[in-house]
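S.K.: just coords:
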């Protein structure tokens, strides 16, 4: 009587198995428009963001709507967000604002900032760096 149930559970368990996958990265370049693409596996483990253009201005797609879509897709997934070393991106006011919102959402995300030394060489750069929302720089 229990045998069919046990065999059925084994069959269902075998059908759900899949090979482990390594880290998957998704890159949002400054000039690409910030399009997320289709929401299908494999889900990213790392998201790399170029948030400013070479002249230091913020890209148009890096706004609340982009974040809402990102949170809708990945809010419960461990994710590492990398703010790439584009000019003035690390301490840009709008980037700091968006990262503060991510922290308020209490997502299981890790925030990593990459920068050039010239980005923090300003007199207030180190002070601003000390009170930021990044987990790692």
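M.R.: Received it, and whenever you're ready, just let me know what you need. The structure presented is a predicted model; accordingly, all values stated were derived computationally and were not measured. Numbering: from 1, shown residues only.

S.K.: The residue nearest to the spatial centre of the chain bridge partners, please.
M.R.: Residue closest to the mean C-alpha point of the chain, counted by C-alpha atoms, centre = their mean, is residue 81 at 3.1 Å. Here residue 81 shows beta-bridge partners residue 47, residue 111, assigned using DSSP bridges.

S.K.: Can you tell me how far it is from residue 122?
M.R.: As judged by C-beta to C-beta, to the nearest Å, residue 81 and residue 122 stand 24 Å apart. In this view, the C-beta of every residue, glycine as well, is placed from N, C-alpha and C.

S.K.: What is the burial count for the nearest residue to residue 73 once chain neighbours are set aside?
M.R.: Nearest residue to residue 73, sequence neighbours excluded (C-beta to C-beta, 6 or more residues apart in numbering): residue 39, at 5.6 Å. Residue 39 has 10 neighbours, counted by other C-beta atoms under 10 Å.

S.K.: can I assume residue 39 sits in a helix?
M.R.: No. According to DSSP: H, G, I helix; E, B strand; the rest coil, residue 39 belongs to no helix; its state is coil.

S.K.: Can you list the low-confidence ranges for this protein?
M.R.: By pLDDT under 70, the weakly predicted segments of the chain are 1-4, 18-23.
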